[in-house]
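[1] Attaching a predicted model along with its sequence, questions to come.
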Amino acid sequence: MFDANYYYLNYTDVQKAGTNPLLHFIRYGWREGRNPSKSFDTNFYLSQNSDVRDAGINPLLHYIRCGKREQRAICSDQGGVRRSFGPPRLQMSHNEDHVQQLTPEESSVINLLKKVNFFDPAWYLAQNEEVQSSGADPWLHFVRYGINENRQPNPFFDPVWYLNFNKDVRNAGHNPLLHYLRHGVNEGRKAYNTASISILAVEHCTNRCQHCSTCSPFANKISYPASAFFPWLDMLENVLVPFEYIAITGGEPFLHHDIGALVHDLRERYPSKVIGISTNFFWANENMIRMYAPMIRQLNGLLISLYPNLVNKLGSLDRFDKLVNLVRKLCPEIAVEVRSQSHFLSWELHMDKREVKDTCGTSDCYVLRSDGKISHCSIGVGLENRPEYQPVVNTSKERLFDLSKGIEGFKSWCLKYPFDLCFHCTMWRKISVPWSENRG
């Protein structure tokens, strides 16, 4: 719903000031009648909804929380939000003067890009200074050269990453962009690897799972306020790192010292993000569910992990199902997902360096710590809590990226796989074992 590229291109004063576009809109822009995207008309929404206007509510925030469900129009077109399969809509411009210079294949690619709104010429020029300085038409340059050089058409699709994580596409020699647009999107393949940022809001857990990927059974009992993560999430936003989801994770998030404030502050700061939380449901009973329901309704999703020991605690799977259904009844707008944890992927670290022969299921799990360090995989985030692995950990210079030292190099760090720790880890083997408790 919020398009940072659109906002910068249409409100150059914000861009020149170097202000975070989303923060500007939340604090000032909507009051000044500025639009958050091409498809959302701020003044129209307020003029058509006097209840929102008179209450002084941010119109975009109201639409996300209530208006969409109530089918309120967001522009005079009455068409509502234009749906797309993935990343936000991009501000487009197309110089038709060069059409006669195009080959049939180039014309076909341009038509495809226009149809799905997947090429941002202004962004392309900003990222490729030599193209801009040459005066070349960005569309023509991209379809003739850039697409075959694996240059990005927008901030939300990375062809190099796509090839790295889709071996069948790479081995078949397919162009990654064309494969994604023609096949990958319908197959559910991801366009980029930073779609979701998990925040390590709580380090400890009620469970002591063997093979816990975040090492929470060995962690200290610590939780962090939302504000601890704001500088780092804002930094990623400012440089247009395209994450759409914020996942509150741990440890066990419901052990947080003030989980209500955590969720409220994240929702207020990032109204356009999809925010979800995971839990092992240790706290679940009718009274607790009713108590937490108002907080859960501020989220977009709740992921409940079903562990064998929880079923034993509740007495039966039927009892578990009844409690989950109560959550769904009290929070009907929230996506509630149950995921069985009867099996875990086993892993361990070894001192010697060994070949990595496959992709790893956690290698694009970005977990952000309160100190600004972000892990390249879920295993990497909590290894300080495993002293037996410190000789291996101390050799790794790539498992964490320290945002407190700046953003330079972050993209190349994200794209790298395998990175140095992978050669000392067995997770890529994908060996599934029954869940068990760590007795250590």
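    All right, it came through fine.
[2] Got the phi and psi for Ile277?
    Backbone geometry at Ile277, expressed as degrees, to the nearest 10, gives phi -140, psi 150.
[3] For the stretch 101-250 of the chain, give me the ranges with low pLDDT.
    155-156, 188, 191-195, 239-242 (pLDDT under 70).
[4] contacting residues around Arg208?
    Listed by Cβ atoms under 8 Å, 6 or more residues apart in numbering, the contact set of Arg208 reads Pro217, Glu437, Asn438, Arg439. Glycine gets a C-beta too; all of them are placed from N, C-alpha and C.
[5] between these, which is nearest His264?
    Nearest to His264 out of those is Pro217 (Cβ to Cβ; 29.1 Å).
[6] about what we covered before: which pair in the contacts of Arg208 spans the largest distance?
    Of all pairs drawn from those, the widest gap by Cβ to Cβ lies between Pro217 and Arg439 and measures 10.0 Å.
[7] if you count what's nearby, which of these two comes out ahead?
    Neighbours were counted for Pro217 and for Arg439 using other Cβ atoms under 10 Å; Pro217 has more, 21 against 7.
[8] The stretch 101-250 of the chain: helices as residue ranges?
    Per DSSP state H, counting those that start in this stretch, the stretch 101-250 of the chain has helices spanning 104-115, 121-127, 129-134, 138-141, 159-164, 167-172, 176-179, 230-238. These are given in chain order.
[9] would CSV of those with mean neighbour count and distance to Cys377 be doable?
    Conversion of these to CSV gives the following (neighbours: other Cβ atoms under 10 Å; distance: least, Cβ to Cβ, whole Å):
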stretch, mean neighbour count, distance to Cys377
helix 104-115, 14, 33
helix 121-127, 18, 27
helix 129-134, 12, 33
helix 138-141, 22, 35
helix 159-164, 20, 14
helix 167-172, 12, 18
helix 176-179, 22, 22
helix 230-238, 17, 18
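[10] right, so of those helices, which gets closest to Ser316?
    helix 230-238 (40.6 Å).
[11] okay, now the domains of this protein?
    Partitioning the chain according to automatic domain parsing yields domains covering residues 4-67, 96-184, 196-434.
[12] So what would you say the end-to-end distance of the first one is?
    Start to finish, the residues bounding domain 4-67 are 22 Å apart (Cα to Cα, to the nearest Å).
[13] Leu306: what's its closest spatial neighbour, skipping adjacent residues?
    Ranked by Cβ to Cβ, 6 or more residues apart in numbering and with sequence neighbours excluded, the top spatial neighbour of Leu306 is Ser340, at 5.0 Å.
[14] May I see the buried residues of the host helix or strand of Gly260?
    With elements taken from DSSP states H and E, the one containing Gly260 is helix 259-269. Under the neighbour-count criterion of 16 or more other Cβ atoms under 10 Å, helix 259-269 has Ile259, Leu262, Val263, Asp265, Leu266, Arg267, Arg269 buried.
[15] which among the residues you listed gets closest to Ile57?
    Nearest member of the buried residues of helix 259-269 to Ile57, counting by Cβ to Cβ, is Arg267, at 13.7 Å.
[16] Quick check, that closest one in contact with Ile275.
    Yes: with contact defined as Cβ atoms under 8 Å, Arg267 counts as touching Ile275 (6.2 Å).
[17] Check the contact lists of the two and give me the overlap.
    Taking Cβ under 8 Å, 6+ apart as the contact criterion, the residues that touch both Arg267 and Ile275 are Gln298, Leu299.
[18] and Glu105, how far is that from Val143?
    Glu105 sits at a distance of 8 Å from Val143 (criterion: Cβ to Cβ, to the nearest Å).
[19] And for Ala293?
    Separation of Ala293 from Val143 (Cβ to Cβ) stands at 51 Å.
[20] Can you pick out the residue with more neighbours from these two?
    Set Ala293 next to Val143 and count neighbours by other Cβ under 10 Å: Val143 wins out with 23 against 15.
[21] one step back: distance to Ile74 added to the domains of the chain, as JSON lines?
    Written out in JSON lines, the entries for the domains of the chain read as follows (distance: least, Cβ to Cβ, whole Å):
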{"stretch": "domain 4-67", "distance to Ile74": "5"}
{"stretch": "domain 96-184", "distance to Ile74": "17"}
{"stretch": "domain 196-434", "distance to Ile74": "13"}
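[22] re earlier: so can I have TSV of the helices of the stretch 101-250 of the chain showing distance to Leu323?
    As requested, these are arranged in TSV below (distance: least, Cβ to Cβ, whole Å):
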stretch	distance to Leu323
helix 104-115	46
helix 121-127	47
helix 129-134	57
helix 138-141	54
helix 159-164	39
helix 167-172	41
helix 176-179	43
helix 230-238	32
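[23] Of all those helices, which one comes closest to Phe2?
    With Cβ to Cβ as the measure, helix 230-238 is the member of the helices of the stretch 101-250 of the chain nearest Phe2 (10.0 Å).
[24] ok, His376 touching Glu398?
    Yes: with contacts counted by Cβ under 8 Å, His376 reaches Glu398, the gap being 6.6 Å.
[25] Just want to know which of these two has more residues nearby.
    Here His376 and Glu398 are set side by side on neighbour count (other Cβ under 10 Å), and the busier one is His376, at 29 against 14.
[26] and the more buried one, what is it in contact with?
    In this structure, His376 makes contact with Ser363, Tyr366, Glu398, Arg399, Leu400, Phe401, Trp413, Cys414, Lys416, Phe419, Leu421, judged by Cβ under 8 Å, 6+ apart.
[27] which of the residues you listed count as buried?
    Buried members of these, counted by 16+ other Cβ under 10 Å: Ser363, Tyr366, Arg399, Leu400, Phe401, Cys414, Phe419, Leu421.
[28] Could you list every helix and strand in contact with the helix or strand harbouring the fifth one?
    When you say that, I think you mean Phe401. Using DSSP H and E, Phe401 falls within strand 400-402. Contact analysis of strand 400-402 by 3 or more Cβ pairs under 8 Å, 6 or more residues apart in numbering; DSSP states H and E lists strand 373-375 as its packing neighbours.
[29] For Lys313, which residues are in contact?
    For Lys313, the contact set (Cβ under 8 Å, 6+ apart) comprises Phe282.
[30] can I assume it sits in a helix?
    Yes: remark: Lys313 belongs to a helix, assigned using DSSP: H, G, I helix; E, B strand; the rest coil.
[31] Using PDB, list the CA coordinates for the helix or strand hosting Pro294.
    Using DSSP H and E, Pro294 sits within helix 286-296. As requested, C-alpha coordinates have been extracted for helix 286-296 and formatted as PDB (Å, rounded to 0.1, in the frame of the first residue of the first chain):
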ATOM      1  CA  GLU A 286      -9.700 -19.800  27.300                       C
ATOM      2  CA  ASN A 287      -8.900 -16.900  29.700                       C
ATOM      3  CA  MET A 288      -5.500 -16.200  28.300                       C
ATOM      4  CA  ILE A 289      -6.700 -16.300  24.700                       C
ATOM      5  CA  ARG A 290      -9.500 -13.800  25.500                       C
ATOM      6  CA  MET A 291      -6.900 -11.600  27.200                       C
ATOM      7  CA  TYR A 292      -4.500 -11.600  24.300                       C
ATOM      8  CA  ALA A 293      -7.100 -11.400  21.600                       C
ATOM      9  CA  PRO A 294      -7.100  -7.500  21.300                       C
ATOM     10  CA  MET A 295      -3.300  -7.600  20.900                       C
ATOM     11  CA  ILE A 296      -3.500 -10.500  18.300                       C
END
